[in-house]
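here is a sequence with its predicted model. Questions after.
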Amino acid sequence: MKTQPFLIVASQRSGGTFLAHALSNHPQVFCDRGESLHGRGVWHRVTTMSNEQIIEAMFSQQFYHASGFKLNWPGRDWDGLSLPIIQRMSPRIILLTREDKVRQAISILYLKAGKRAHPGFSVHSDNGERPSFRVRIEPDEVLHWCGRLNGIAKVARRAIREAGLRCMEITYEQMTGSADESAECIRPDVAQQLCEFLNVDDHPLCAGLRKLSPRDLSEIVSNWDEIRQAAGGAK
């Protein structure tokens with residue numbers, strides 16, 4: 001049995017960790033749940049493997065029908081160092097973006113604020129506990145990140161196309177059926193498409209994670225009305 005290599009390409013706070021966890025719970029899929037190529041990640045802490053060796057290992061785990069990992073975009077891991085081996089192994093690419101760039105930008109900025117205020121702060125939980133603090137986020141910062149995220153998606157599409165790799169592009173909203181980050185499972189129809197794309201049996205894809213942030217942005221951002229007005233009435 002030949003293992004199908006795959007790569008999740010995701011920008012910050014687009015649902016990449018959620019998708020990686022969901023795929024890793026499929027019995028025929030190996031998907032590393034962590035940051036495989038991060039300098040402070042587990043692979044660099046416990047081994048002397050180079051990035052090229054880690055990539056090859058992530059793409060070729062035995063006894064699985066599909067094997068892969070998540071790569072944050074943008075980053076130097078794709079540019080230059082990793083691109084030749086990615087092209088050689090020809091993984092299938094799952095490009096993950098978000099339709100609601102305002103919510104994504106706020107999620108990025110909220111995470112940064114949380115880490116500053118609470119060392120070890122995380123946005124994921126298996127018990128549903130939630131932080132009790134609210135933050136003020138400058139509207140200009142949100143608009144800056146919205147523009148940046150739109151640019152990131154365009155560059156990622158072009159890089160994947162130029163590499164000649166087969167790609168399935170989905171959004172977090174398509175994957176979960178909502179934008180409020182409360183989902184724990186991928187929608188059955190999208191799960192079926194992902195399984196077909198990876199050449200594995202159809203199987204429910206659930207992450208087993210809960211988001212720590214409340215659904216309503218007004219609950220975590222003290223000046224949400226100001227941001228909504230600056231962003232043109234975003235919900």
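Cool, the structure landed. Numbering: from 1, shown residues only.

quick one: low-confidence parts of the chain?
1, 38-46, 75-82, 117-132, 179-182, 210-215, 233-235 (pLDDT under 70).

in it, which spans are helices?
16-24, 42-46, 51-59, 83-89, 101-117, 139-163, 172-176, 188-197, 224-230 (DSSP state H).

export those helices to JSON lines and tack on mean neighbour count?
C-beta here means a position set from N, CA and C on the backbone, and glycine is covered the same way. Converted to JSON lines, those look like this (neighbours: other C-beta atoms under 10 Å):
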{"stretch": "helix 16-24", "mean neighbour count": "23"}
{"stretch": "helix 42-46", "mean neighbour count": "14"}
{"stretch": "helix 51-59", "mean neighbour count": "19"}
{"stretch": "helix 83-89", "mean neighbour count": "15"}
{"stretch": "helix 101-117", "mean neighbour count": "19"}
{"stretch": "helix 139-163", "mean neighbour count": "15"}
{"stretch": "helix 172-176", "mean neighbour count": "21"}
{"stretch": "helix 188-197", "mean neighbour count": "16"}
{"stretch": "helix 224-230", "mean neighbour count": "16"}
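
redo the ones you listed as a markdown table? Include distance to residue 70.
Shown next, in a markdown table, are those (distance: least, C-beta to C-beta, whole Å):
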| stretch | distance to residue 70 |
| --- | --- |
| helix 16-24 | 5 |
| helix 42-46 | 13 |
| helix 51-59 | 10 |
| helix 83-89 | 13 |
| helix 101-117 | 16 |
| helix 139-163 | 13 |
| helix 172-176 | 14 |
| helix 188-197 | 14 |
| helix 224-230 | 29 |
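
ok, which of these comes nearest residue 204?
Ranking the helices of the chain by proximity to residue 204 (C-beta to C-beta) places helix 188-197 first, at 6.3 Å.

which residues are in contact with the residue nearest the centre of the chain?
In the chain, the residue lying closest to the centroid (C-alpha atoms, centre = their mean) is residue 16, at 1.5 Å. By C-beta atoms under 8 Å, 6 or more residues apart in numbering, residue 16 lies in contact with 8, 10, 70, 72, 96.
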